[in-house]
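> take this sequence and fold it.
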Amino acid sequence: HRNAGKCLQNGVYYEKMFEKGYGTFYDLITTVIRVRCSRKCRRPETEGTETVELTVWGEKDNTATLTKMIDSFKEQYKGQADFNITLETQADSGVRDVMLTDVHGGADVFSFPDDQLISLVAGGVLVPVPNAEEVSAENIKESVDAATLNGKLYGYPMTADNGYFMYYNKDYFTEEDVKSLDKMLSVAQAAGKKVAMEFNSGWYLYSFFGNTGLKLSLNEDGVTNACNWNDTSGDIRGVDIEEALKRITSNAGFLSCPNGEIADKMKSGEVIAGISGVWDVMNAKEAWGADYGACKLPAYTCAGREVQMASFTGYKMMGVNAYSKNKDWACKLADWMTNEENQKIRFTERNQGPSNINAAASPDIKKVAAIQAVIDQSKYGTLQRVGNSYWDACKSFADTILSGNTGGLSEQELMDVLVDGITASTVK
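All right, here's what the predicted structure looks like:
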């Protein structure tokens with residue numbers, strides 16, 4: 001313990017002073033200091049005015065909000081250290097690659113999406129959360145699970161909105177229409193408009209497979225996948241899904257395009273509904289104004305039944321670099337930046353859905369259609385835990401479906417090729 005001469009028992013400090021003089025052992029003087037402090041005002045157990053240098057990574061659009069959080073952290077711990085905290089821009093999507101390339105040059109504290117957790121832990125990048133029990137109790141279970149690996153919490157849950165759902169223009173669709181993809185495509189076709197998604201991305205393609213009873217999972221090696229999407233038995237077979245996808249993608253009301261292009265197509269009027277995430281909420285509002293709507297994904301017809309579209313659920317968190325020179329303070333900063341108050345600030349300033357239980361219970365959250373949609377869709381989602389071979393295999397399969405040219409392969413053979421690719425070892 002860094003408080004020399006002190007010992008902590010049951011939340012109480014007992015300070016013991018021993019003095020010696022002329023061979024006499026003086027009476028023990030005990031001073032009891034009760035420490036009662038919530039997470040919001042948790043004080044570090046260090047004293048003095050050491051100089052603490054920390055670097056924080058965050059996305060460009062969050063700069064102003066993160067700066068406010070850093071300033072409040074300095075004020076909270078004012079007098080306990082001299083802080084020199086630098087905020088640098090780093091896209092969350094690129095954190096894994098940058099960290100695994102040069103962890104020693106990486107930030108002390110950084111945000112990242114949950115699908116990077118396995119790689120970052122395997123690379124020895126992350127420090128386990130020291131107050132894991134407390135952090136876990138404050139956040140929704142799904143966000144905690146997303147930040148946990150092999151029973152250890154490695155990230156501080158920050159947001160619970162990194163998934164996808166359906167945006168739609170209320171001028172064209174009713175609330176009943178958006179329950180069915182077939183109906184949405186029919187409406188779009190009749191209006192000469194489009195329902196858009198990035199069909200040839202494994203992240204979105206999963207939506208057609210996830211609730212069919214067929215399985216996809218990451219093997220225990222953390223690298224390869226298990227998948228039976230080519231199954232020939234059961235109520236829904238792999239070829240049944242393939243046939244449904246061919247029907248959907250050949251509909252004149254359907255459009256596959258990169259996710260980053262959907263917003264512009266909303267604004268141009270070409271797209272009247274699209275599958276995307278909260279990052280497009282402001283674009284949808286700008287495009288459709290009062291007619292902007294958002295909801296869970298619809299059901300689609302497969303093997304003669306309606307199948308609710310699934311999704312990969314996503315969460316973001318903050319992590320602490322295992323090679324930080326100030327790990328204790330870095331952990332306190334990550335803890336601070338993800339506490340209840342700062343998650344409320346993220347929502348207010350950036351429309352980011354909180355993972356904190358109390359923050360998420362705010363009535364204001366329920367008024368935001370996009371955040372409510374991602375919450376509703378999460379009931380039909382699963383954490384993204386797949387090996388790298390999944391992505392190229394899905395893109396190749398989806399491109400084949402879009403082109404309409406299977407190269408002479410039968411429907412079953414095409415599904416077999418997909419599964420062979422998904423389950424292939426990444427080691428050549």
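> surely Ala370 touches Trp279?
No. Ala370 is beyond contact range of Trp279, at 9.5 Å (criterion: CB atoms under 8 Å). In this view, the C-beta of every residue, glycine as well, is placed from N, C-alpha and C.
> who's more crowded, the two?
Set Ala370 next to Trp279 and count neighbours by other CB atoms under 10 Å: Ala370 wins out with 25 against 17.
> remind me which residues of the chain are low pLDDT?
Residue ranges of the chain with pLDDT under 70: 1-48, 426-428.
> closest to the centroid, which residue in it?
Tyr315 (2.0 Å; CA atoms, centre = their mean).
> and the closest residue to that one other than its chain neighbours, its phi and psi?
Nearest in space to Tyr315, with sequence neighbours left out and distances taken as CB to CB, 6 or more residues apart in numbering, is Ala146 at 4.1 Å. Per-residue torsions, Ala146: phi -70, psi -20 (degrees, to the nearest 10).
> before we move on, back to that, surely the residue nearest to the centre of the chain is in contact with Thr148?
No. The pair Tyr315 and Thr148 does not pass the contact test of CB under 8 Å, sitting 11.0 Å apart.
> what segments of the stretch 301-428 of the chain are helices?
327-337, 340-350, 357-360, 363-366, 369-377, 389-403, 411-422 (DSSP state H, counting those that start in this stretch).
> adding distance to Thr65, write these out as JSON lines.
Converted to JSON lines, the helices of the stretch 301-428 of the chain look like this (distance: least, CB to CB, whole Å):
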{"stretch": "helix 327-337", "distance to Thr65": "10"}
{"stretch": "helix 340-350", "distance to Thr65": "5"}
{"stretch": "helix 357-360", "distance to Thr65": "14"}
{"stretch": "helix 363-366", "distance to Thr65": "16"}
{"stretch": "helix 369-377", "distance to Thr65": "16"}
{"stretch": "helix 389-403", "distance to Thr65": "31"}
{"stretch": "helix 411-422", "distance to Thr65": "38"}
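> so which of those helices gets nearest Ser311?
Shortest separation from Ser311 across the helices of the stretch 301-428 of the chain is recorded for helix 369-377, at 5.4 Å, computed as CB to CB.
> just checking, what packs against the closest one?
strand 165-169, strand 292-295, helix 363-366 (3 or more CB pairs under 8 Å, 6 or more residues apart in numbering; DSSP states H and E).
> my read: Ala334 touches Asn326, true?
No. Proximity of Ala334 to Asn326 does not meet the contact threshold set by CB under 8 Å, at 11.8 Å.
> who has more neighbours out of those two?
Per other CB under 10 Å, whichever of Ala334 and Asn326 has more neighbours is Ala334, with 26 against 20.
> quick one: contacts for the closest residue to the more buried one other than its chain neighbours?
In this structure, Ala334 finds its nearest non-sequential neighbour in Met318, 4.3 Å apart by CB to CB, 6+ apart. Residues in contact with Met318 (CB atoms under 8 Å, 6 or more residues apart in numbering) are Val109, Phe110, Ser111, Phe112, Gly155, Tyr156, Met158, Ala334, Met337, Thr338.
> what is the nearest of those residues to Cys295?
Met158 (24.6 Å).
> just the strands in the stretch 1-150 of the chain please.
6-9, 12-17, 20-21, 24-25, 29-34, 50-58, 81-89, 109-113, 148-149 (DSSP state E, counting those that start in this stretch).
> name the residues that touch the helix or strand just after the last one?
To tie it back to what came earlier, the one meant is strand 148-149. Next in sequence after strand 148-149, counting helices and strands by DSSP states H and E, comes strand 152-153. Applying CB under 8 Å, 6+ apart, the contact partners of strand 152-153 are Pro128, Val129, Ala132, Val135, Ser136, Val144, Ala147.
> burial measure for Ile272, as a count.
Counted with other CB under 10 Å, Ile272 comes out at 27.
> which SS class is it?
Put simply, Ile272 is strand when judged by DSSP: H, G, I helix; E, B strand; the rest coil.
> how near is it to Met166?
11 Å (CB to CB, to the nearest Å).
> cool, Asp92 as well?
Using CB to CB, Asp92 is found at 23 Å from Met166.
> compare these two and say which is more crowded by neighbours.
Using other CB under 10 Å as the criterion, Asp92 and Met166 rank with Met166 on top: 23 against 18.
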